[in-house]
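*Asks:* For reference, the sequence and a predicted model appear below.
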Amino acid sequence: METTAIDLDALRNEAAHCTNCELYEPATQTVFGEGPPAAWLMLVGEQPGDKEDIAGEPFVGPAGRVLDTALERAGIDRAEVYLTNAVKHFRFERRGNRRLHKTPGVTHIRACRPWLDGELRAVRPAAVATLGAVAGKALMGPSFRITDTRGQVLDWEGHRLVPTVHPSAILRGPAEARDEALAALVVDLRVVAGLRP
């Protein structure tokens, strides 16, 4: 376990100086994964958002609060989960004083893939869940479609992997559909919870 922690610390320190793509320039900082170094579950999101970019931690903004609610309802303690993103820098466009999310491109996903692979090797989770299409494509390739496999347990490179939606999709959806969308995310996460060793 100590070796894993050292590996993650070394990766985190190295990633802090990453210049593999242009996203490092406007971003506040690299947002590396966080959680127990031997977590049974790794959740992989898309990229940090505005709040995450400022705080330097994954899933601390509005989508993180939705995720916390869903995890709790699914019976998963966030403290036992390693949380990370496929892309480690915030991609955005400015509108006045606001920084609006912009979906990362293939070049950004490829540039960050060594960091994600390193996290997977170091943590060695029993289960992985991808949150959203970008994370799914980052691990399973461009042909991945979330609608085809959502909530299913897939065998991926020796891991049991469950794709689901990103919690930010719930926030972007119509207000009257949010309860139903959150309930559907909880159902998927209960599938994940069933993979706990």
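*Replies:* That came through fine.
*Asks:* Phi and psi next, for the closest residue to Glu46 other than its chain neighbours.
*Replies:* Closest residue to Glu46 apart from its sequence neighbours, by C-beta to C-beta, 6 or more residues apart in numbering: Val134 at 4.0 Å. No exception for glycine: its C-beta is placed from N, CA and C like everyone else's. Taking degrees, to the nearest 10, you get phi -60, psi -50 for the backbone angles of Val134.
*Asks:* Over to His101?
*Replies:* Phi and psi for His101, reported as degrees, to the nearest 10, are phi -50, psi 140.
*Asks:* And it, how close does it get to Arg94?
*Replies:* 12 Å (C-beta to C-beta, to the nearest Å).
*Asks:* Then Glu14?
*Replies:* Counting by C-beta to C-beta, the gap from Glu14 to Arg94 is 29 Å.
*Asks:* Have a look at those two and say which one is more surrounded.
*Replies:* Remark: of Glu14 and Arg94, Glu14 carries more neighbours, 14 against 9, as counted by other C-beta atoms under 10 Å.
*Asks:* Does that one lie in a helix or a strand, and which?
*Replies:* helix 2-15 (DSSP states H and E).
*Asks:* Can you show me the CA trace of that helix as PDB?
*Replies:* Output of helix 2-15 as PDB, limited to C-alpha atoms (Å, rounded to 0.1, in the frame of the first residue of the first chain):
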ATOM      1  CA  GLU A   2       2.800   2.400   0.800                       C
ATOM      2  CA  THR A   3       4.300   1.900  -2.700                       C
ATOM      3  CA  THR A   4       1.000   2.800  -4.300                       C
ATOM      4  CA  ALA A   5       0.800   6.000  -2.300                       C
ATOM      5  CA  ILE A   6       4.400   6.900  -3.300                       C
ATOM      6  CA  ASP A   7       3.500   6.100  -7.000                       C
ATOM      7  CA  LEU A   8       0.500   8.400  -6.900                       C
ATOM      8  CA  ASP A   9       2.400  11.200  -5.200                       C
ATOM      9  CA  ALA A  10       5.100  10.900  -7.900                       C
ATOM     10  CA  LEU A  11       2.500  10.900 -10.700                       C
ATOM     11  CA  ARG A  12       0.700  13.900  -9.100                       C
ATOM     12  CA  ASN A  13       3.900  15.900  -8.800                       C
ATOM     13  CA  GLU A  14       4.900  15.100 -12.400                       C
ATOM     14  CA  ALA A  15       1.400  15.900 -13.700                       C
END
